[in-house]
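Novice: the sequence isn't on hand, but the structure is:
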């Protein structure tokens, strides 16, 4: 329909120009004056250049007739051509205009071409010609039009969307008719070529038949129709469409009919063979009665990429135009592509009021079996019960749907108070849902440059509510999830949302704004069992304890990478009465001599290091989270740290410091009082998902830590520690080098440095 609308714009523009010419000529009956006056008005009022070769021929009464030779109209403030034509002749009877009837005796156009452009802001290049008055009268009742005949030869139109790069061209458009009225069928012939890119289009179409037409009374009829379309569109090649039969619609009297109507389609979709058909042998709808025969349609696709077998069976209509009834309408589908398949059926009755444009599907029953190898469960069967009602006259709609599959029961209601653009509301309730059964596993491929486009949020206005009793997604389990959604002016707000999360609570809000592709998140997590959360979310059993998290961040960008690099805001994490699993640092320090002889640094999950509290806050700018206050306390250790977490570039640069506090001999262990005050700096750097851990030995030496350690080891080891390089396991004499007594020196593996590496897992 858009294509037809764009095609009519230049024709209507020519008619408007003709009417303007009539108003001028009523005072000065001179073609040369009309030419000069029209060009002057276009230049001064619209900043366009109107050029008419030769002198227009003009007569006023009893028939207003205007003939133009070669004519061009430019773009505003430009030499680019907007509309051009080789010749035009329009003849309209004057007297019928007084009674509101437009009686066209002649409408001949030759060589008409128009260039319609939609710029990146969405403005059309004919907006100045349409004018405010034209927009205000958009819904006005059309005039009574009678046409003695139309002859359009070699017309064309090109539509360009500068934002998307889409181009559609209509060329070699030819239309010839006899007298068009609602009573007498007249011969009609039409042919056109359509081309374009994004998507690629190359089509030829032609139509023959007899037509009846009355714009005011909304009467349209085509009899003895014989239409063909051939060519290609996007991935559809070798297309052949054939339509035949009789169609008629008289919306004013609510009379509709089809007789012997059929459509057959053949072609190649990618590498798959496509065939489709529609058959409506007889259909008659009047205010008194509706009758006819069953309507059937089918689509069959066979090939290496997909297989589709879809059938539609519609029972014969009953009732009348105001109470139309179709007892049974059923669709059967069996489709498979790329290892996935859908098989099932959808059935419903249909009721309609054609006068008020109301459509009611009171009971939709469907059963669909969906198979996909990418989802963990491989397949799911959906039994669906639904209802839908649309009132196009009032521009409203409503519906409800219910389904139960696996352990989930879903109920949803929705309503629309406006259909164009959509203004709607919804309410969804789910008792329990495990998304991990149905969502495919995430690909390990790099998605940092994946586009994030929020433009789909523009247009509709939607308010809604979602409640889920139990939800599992990516291993994380939530209960009593509740969320409210508001979408307006391209801005989606999900707030407030709340849920129970591992013995604690989750609450917050999210905003996604298409105006600038911006995202903002505020979240507050309280008293959550962090260990259980990590076990489910990351399959890591490394922490115990309860914690709180607060998050307030914003970002903007067109890709995942850009969003990460633009991240800004604040975050804070606190934990209480917890433990780090896999190592008991107290035992490790008490038994440092045994650590010196150990070659294994693997975590022992039977051990843990308790802490009374742990916390850190972050200031995030340009995708980098800065922390300066890491703090963890236990009866034995103190942990502090500072550094940068570069989220945008997936890098870590952090220095953590573990200090032994004054303590007496622990149960079953050695006295560690001599190690009090020793601080071991650990440098973390590299990719966030696999950082390197290294002991900062230079800082350790500067703090005197090695001397204290040597004292604890005691004896000969303490004397050896006097040589710092030897203690670090470097610059020792190589095999065969002479000792002071002249005997060969054997190379020793490592020193306290390497043992400390083993102690801290590196």
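Specialist: Received, thanks. Not measured: the values here are computed from a predicted model.

Novice: correct me if wrong: residue 377 contacts residue 441.
Specialist: No. With contact defined as Cβ atoms under 8 Å, residue 377 does not reach residue 441; the gap is 11.9 Å. (Each C-beta comes from the backbone N, C-alpha and C, glycine too.)

Novice: so who does residue 653 touch?
Specialist: 643-644, 646, 684-685 (Cβ atoms under 8 Å, 6 or more residues apart in numbering).

Novice: make it 6 Å
Specialist: 643-644, 685 (Cβ atoms under 6 Å, 6 or more residues apart in numbering).

Novice: any idea whether it is helix, strand or coil?
Specialist: Assigned with DSSP: H, G, I helix; E, B strand; the rest coil, residue 653 falls in the strand class.

Novice: can you check residue 54 too?
Specialist: Using three-state DSSP, the structure places residue 54 in coil.

Novice: torsion angles phi and psi at it?
Specialist: phi 80, psi -170 (degrees, to the nearest 10).

Novice: if I look at it, how far off is residue 329?
Specialist: Going from residue 54 to residue 329 by Cβ to Cβ, to the nearest Å gives 60 Å.

Novice: my guess is residue 511 contacts residue 522, does it?
Specialist: No. Using Cβ atoms under 6 Å, residue 511 makes no contact with residue 522, being 8.7 Å away.

Novice: residue ranges of the helices in the chain, please?
Specialist: Ranges of helices within the chain are 2-25, 31-46, 127-136, 530-537, 560-565, 585-590, 592-596, 697-702, 705-713, 715-720, 724-727, 752-759, based on DSSP state H.

Novice: returning to that earlier point: which of residue 377 and residue 441 has more neighbours?
Specialist: residue 377 (13 against 10; other Cβ atoms under 10 Å).

Novice: quick one: contacts of stretch 503-518?
Specialist: 454-455, 457-458, 490-496, 498-499, 519-529, 556, 558.

Novice: actually stretch 214-227, not the one I typed
Specialist: With Cβ under 6 Å, 6+ apart as the criterion, stretch 214-227 contacts 142, 144-145, 182, 185, 207-212, 243-252.

Novice: list the buried ones in it?
Specialist: Of the residues in stretch 214-227, 214-216, 219-222, 225, 227 count as buried by neighbour count, 16 or more other Cβ atoms under 10 Å.

Novice: just stretch 473-488 next, same as before
Specialist: Across stretch 473-488, burial judged by 16+ other Cβ under 10 Å covers 476-478, 481, 483, 485, 487.

Novice: so residue 101 makes contact with residue 144?
Specialist: Yes. Judged on Cβ under 6 Å, residue 101 makes contact with residue 144 at a distance of 4.6 Å.

Novice: got any ranges where the stretch 1-150 of the chain has weak pLDDT?
Specialist: 1-30, 131-141 (pLDDT under 70).

Novice: the chain now?
Specialist: For the chain, the stretches with pLDDT under 70 are 1-30, 131-141, 442-448, 582-605, 662-678, 695-762.

Novice: so for it, the centremost residue is which one?
Specialist: Closest residue to the average C-alpha location of the chain: residue 456 at 5.7 Å, with Cα atoms, centre = their mean.

Novice: ok now do it, which residues does it touch?
Specialist: With Cβ under 6 Å, 6+ apart as the criterion, no residue contacts residue 456.

Novice: try 8 Å
Specialist: Going by Cβ under 8 Å, 6+ apart, residue 456 touches residue 514.

Novice: got it, and residue 401?
Specialist: Contacts of residue 401 (Cβ under 8 Å, 6+ apart): 384-387, 410-412.

Novice: closest to residue 464 among the residues you listed?
Specialist: residue 412 (9.4 Å; Cβ to Cβ).

Novice: ok, the closest one touching residue 398?
Specialist: No. Residue 412 lies out of contact with residue 398 (Cβ under 8 Å); the separation is 11.7 Å.

Novice: circling back to that earlier point, ok, residue 54 and residue 329, which is more surrounded?
Specialist: Neighbours per residue (other Cβ under 10 Å) separate residue 54 from residue 329, with residue 329 holding more: 17 against 13.

Novice: for that one, list each beta-bridge partner.
Specialist: Residue 329 has these beta-bridge partners by DSSP bridges: residue 314, residue 348.

Novice: ok, now how distant is it from residue 313?
Specialist: 8 Å.

Novice: try residue 362
Specialist: For residue 362, the distance to residue 313 - Cβ to Cβ - is 19 Å.

Novice: thinking again about what came up before, and the buried ones among the contacts of residue 653, selectable in PyMOL?
Specialist: A single PyMOL command selects the buried members of the contacts of residue 653 (16+ other Cβ under 10 Å):
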select buried, resi 643
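
Novice: dump the contacts of residue 653 into CSV; add distance to residue 289 as well.
Specialist: Conversion of the contacts of residue 653 to CSV gives the following (distance: Cβ to Cβ, whole Å):
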residue, distance to residue 289
643, 82
644, 79
685, 83
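
Novice: and which of the contacts of residue 653 is nearest to residue 692?
Specialist: Using Cβ to Cβ, the contacts of residue 653 come closest to residue 692 at residue 685, 5.5 Å.

Novice: what's across from the closest one in the sheet?
Specialist: Beta-bridge partners, per DSSP bridges, of residue 685: residue 653, residue 692.

Novice: ok, now residue 451?
Specialist: Residue 451 has these beta-bridge partners by DSSP bridges: residue 559.

Novice: could you do residue 291 as well?
Specialist: If you apply DSSP bridges, the partners that residue 291 bridges to are residue 284.

Novice: okay but it is in contact with residue 317, surely?
Specialist: Yes. Applying Cβ under 8 Å as the test, residue 291 and residue 317 come out as touching, 6.8 Å apart.

Novice: more neighbours, the two?
Specialist: More crowded of residue 291 and residue 317, by other Cβ under 10 Å: residue 317, with 23 against 14.

Novice: so for residue 362 and residue 313, which sits in the more crowded spot?
Specialist: residue 313 (15 against 12).

Novice: quick check, that one in contact with residue 296.
Specialist: Yes. Residue 313 lies in contact with residue 296 (Cβ under 8 Å); the separation is 5.9 Å.

Novice: between those two, which contacts overlap?
Specialist: Joint contacts of residue 313 and residue 296 (Cβ under 8 Å, 6+ apart) do not exist.

Novice: got a list of what the closest residue to residue 327 other than its chain neighbours touches?
Specialist: Distance criterion Cβ to Cβ, 6 or more residues apart in numbering; nearest residue to residue 327, sequence neighbours excluded, is residue 315 at 4.9 Å. Residues near residue 315 by Cβ under 8 Å, 6+ apart: 294, 326-329.

Novice: for burial, what's the neighbour tally of residue 180?
Specialist: Neighbours of residue 180 (other Cβ under 10 Å): 21.

Novice: bridging residues for it?
Specialist: Under DSSP bridges, the beta-bridge partners of residue 180 are residue 147.

Novice: likewise the one 10 residues further on?
Specialist: When assigned by DSSP bridges, residue 190 has beta-bridge partners residue 175, residue 207.

Novice: repeat for residue 405
Specialist: Beta-bridge partners, per DSSP bridges, of residue 405: residue 408.
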